[in-house]
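[1] Fold the following for me, if possible:
(2 chains)
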Amino acid sequence: MSRRYRFSLRQEQPDDFPPASPVDPLPSPVPDGNHGLPRRAKWIKQQSDKEGTVKAVKELGVTGVPEVPPRLHCLTIIGQIEGHLVLPSQNKTTKYEHVLPQLVAVEQNPEVEGLLVVLNTVGGDVEAGLAIAELLASLSKPTVSLVLGGGHSIGVPIAVACSRSFIASSATMTIHPIRLTGLVIGVPQTYEYLDKMQDRVVRFVVANSGITETRYRELMFRTGELARDIGTVLVGDDAVREGLINAVGGLADAARVLNELTVARGRKDCD
Amino acid sequence: MIVHTLYPVSLDNSSDVPARIELEVSGRLVEVEQVSPWQVRVVRLHSTDPNDYLHPRWQPGQLITMERYASNPAEETENRPV
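    Numbering: from 1, shown residues only, chains lettered A, B, ... in the order given. Model prediction:
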């Protein structure tokens, strides 16, 4: 299990980094009678003032980051969505104990005006996924989701929970029935419990997107599309055609729409 | 547990990936790997603030040293924190 420590920070660079770079040549002394010394001293002072930035550029290829609080925040939902059980450490996971407080912070922080949700997930725990989706759907600030790579299984409710949703043309969404891990007791109640759980997912997706329940179930139980499962793979445009996602697009589209939504909300608040 | 994922349940989970630690550094939650008793390496940053991801301090691979040991780590190895 992971543990929390409180560290104070001191950053270190690797020993062999950066590679030796040529030193900037000093300006040649000017023939002004004092061998150009004041100018030279001034030049050295200027260089040392600039040193912080110059060092950062040389060593890391970046300049200082402006400390302006951004209006729009970004949440990434990647890998497996981890819920009540901790997955082994080689799994890339999004943990609900990280995401839920972040969403609360986004809702509460007056400086944050909108949230961009970037998804590339294979799905995961049903209850954790639904918890994230419900929080996103009930957030009072504008949210825009962008599905990249894949937004499969329980990623579908998360993608449709946002005010607007986008999918990259190469991204896919797989819709298939939910599964039960561990001990399965072969009594009718087990099936009913599973069925009820599935209804929660279906109802959420239907309520938050343009797809009908009949159609969603049809896609979920379709045979002949997936090698080892029943279900459907929707590639980019298909998800839009089925009414799950609003549009095919990329980062620029998602950011533009999110900006428009935040501006519209700000205007409404002023009225 | 009820799951809704593409990954098969039977996926082999045995591995020797080093354990991750969650640290709070300057108010940010970072996931790190321990490289020495007084140093950890950033693996992942948990933040919704896009500016944090531009800051070199939080880039994956960056080393974070405990300040108490930063001056002369060699002397302090005896009393390292658990």
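[2] contacting residues for the most centrally placed residue in chain B?
    The C-alpha lying nearest the average C-alpha coordinate of chain B belongs to residue B:32 (Cα atoms, centre = their mean; 0.6 Å). Residue B:32 is in contact with B:20, B:21, B:22, B:23, B:40, B:41, B:42, B:43, B:64, counting by Cβ atoms under 8 Å, 6 or more residues apart in numbering or on different chains. Where C-beta positions appear, they are placed from N, C-alpha and C, glycine not excepted.
[3] Repeat that for residue A:163.
    A:142, A:143, A:144, A:261.
[4] how about a markdown table for the contacts of residue B:32, with pLDDT and secondary structure added?
    Putting those into a markdown table (pLDDT from 0 to 100; DSSP: H, G, I helix; E, B strand; the rest coil) gives the following:
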| residue | pLDDT | secondary structure |
| --- | --- | --- |
| B:20 | 82 | strand |
| B:21 | 87 | strand |
| B:22 | 88 | strand |
| B:23 | 87 | strand |
| B:40 | 90 | strand |
| B:41 | 91 | strand |
| B:42 | 92 | strand |
| B:43 | 90 | strand |
| B:64 | 87 | strand |
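[5] From those, pick the one nearest chain A.
    Nearest to chain A among these: residue B:22, at 4.5 Å, using Cβ to the nearest Cβ.
[6] separation between the closest one and residue A:121?
    Distance of residue B:22 to residue A:121, given as Cβ to Cβ, to the nearest Å: 21 Å.
[7] who's more crowded, the two?
    Per other Cβ atoms under 10 Å in any protein chain shown, whichever of residue B:22 and residue A:121 has more neighbours is residue A:121, with 29 against 18.
[8] tell me how far the one helix or strand the residue nearest to the centre of chain B maps to is from the chain's mean position?
    Assigned by DSSP states H and E, residue B:32 belongs to strand B:28-36. Averaging C-alpha positions (Cα atoms, centre = their mean, to the nearest Å) puts strand B:28-36 2 Å from its chain's average.
[9] And stretch A:208-226, by the same measure?
    Centre-to-centre, stretch A:208-226 and its host chain are 26 Å apart (Cα atoms, centre = their mean).
[10] Max pairwise distance over the contacts of residue A:163: which two?
    Maximum pairwise distance among those (Cβ to Cβ): 8.4 Å, between A:143 and A:261.
[11] Could you name every residue contacting both of those two?
    A:114, A:163, A:164.
[12] any idea how far the first one is from residue A:257?
    As defined by Cβ to Cβ, residue A:114 lies at a distance of 10 Å from residue A:257.
[13] picking up where we left off before, any chance of the shared contacts of residue A:143 and residue A:261 in a markdown table with secondary structure as columns?
    Output for the shared contacts of residue A:143 and residue A:261, formatted as a markdown table (DSSP: H, G, I helix; E, B strand; the rest coil):
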| residue | secondary structure |
| --- | --- |
| A:114 | strand |
| A:163 | coil |
| A:164 | strand |
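[14] Closest to chain B out of those residues?
    Lowest distance from chain B to those (Cβ to the nearest Cβ) belongs to residue A:114, with 11.0 Å.
[15] which residues does the closest one contact?
    Residues in contact with residue A:114 (Cβ under 8 Å, 6+ apart) are A:71, A:72, A:73, A:141, A:142, A:143, A:144, A:258, A:259, A:261, A:262.
[16] Settle this for me: the first one is touching residue A:115, isn't it.
    Read it as residue A:71. No - taking Cβ atoms under 8 Å as the definition, residue A:71 is not a contact partner of residue A:115, at 10.4 Å.
[17] Name the residue in the two with the higher neighbour count.
    Neighbour count, other Cβ under 10 Å: between residue A:71 and residue A:115, residue A:115 has more, with 25 against 13.
[18] rewinding a little: which among the contacts of residue A:114 end up buried?
    By neighbour count, with 16 or more other Cβ atoms under 10 Å in any protein chain shown, these hold A:72, A:73, A:141, A:142, A:143, A:144, A:258, A:259, A:261, A:262 as buried.
[19] Need phi/psi at the fifth one.
    Just to be clear, that refers to residue A:143. With angles defined as degrees, to the nearest 10, residue A:143 sits at phi -130, psi 140.
[20] What is the neighbour count of the spatially closest residue to it that is not a sequence neighbour?
    Distances taken as Cβ to Cβ, 6 or more residues apart in numbering or on different chains place residue A:162 nearest to residue A:143, at 4.0 Å, with adjacent residues excluded. Neighbourhood size, residue A:162 [other Cβ under 10 Å]: 25.
[21] and the residue lying closest to residue B:32 once chain neighbours are set aside, how many neighbours does it have?
    Sequence neighbours aside, residue B:40 is the residue nearest to residue B:32 in space, at 3.9 Å (criterion: Cβ to Cβ, 6+ apart). Neighbour count of residue B:40, defined by other Cβ under 10 Å: 24.
[22] again with residue A:92
    Using other Cβ under 10 Å, the number of residues around residue A:92 comes to 14.
[23] Let me see the contact set for it.
    A:78, A:79, A:80.
[24] SS state for the nearest residue to residue B:53 once chain neighbours are set aside?
    Nearest residue to residue B:53 in three dimensions, chain neighbours excluded: residue B:45, at 6.8 Å (Cβ to Cβ, 6+ apart). Three-state assignment for residue B:45 (three-state DSSP): strand.
[25] Could you do residue A:267 as well?
    Judged by three-state DSSP, the three-state class of residue A:267 is helix.
[26] so where does the residue nearest to residue A:213 when sequence neighbours are not counted fall, helix or strand?
    Setting aside the residues directly before and after it, residue A:213 is nearest to residue A:206 in space (Cβ to Cβ, 6+ apart), at 4.8 Å. Element membership for residue A:206 (DSSP H and E) is helix A:188-208.
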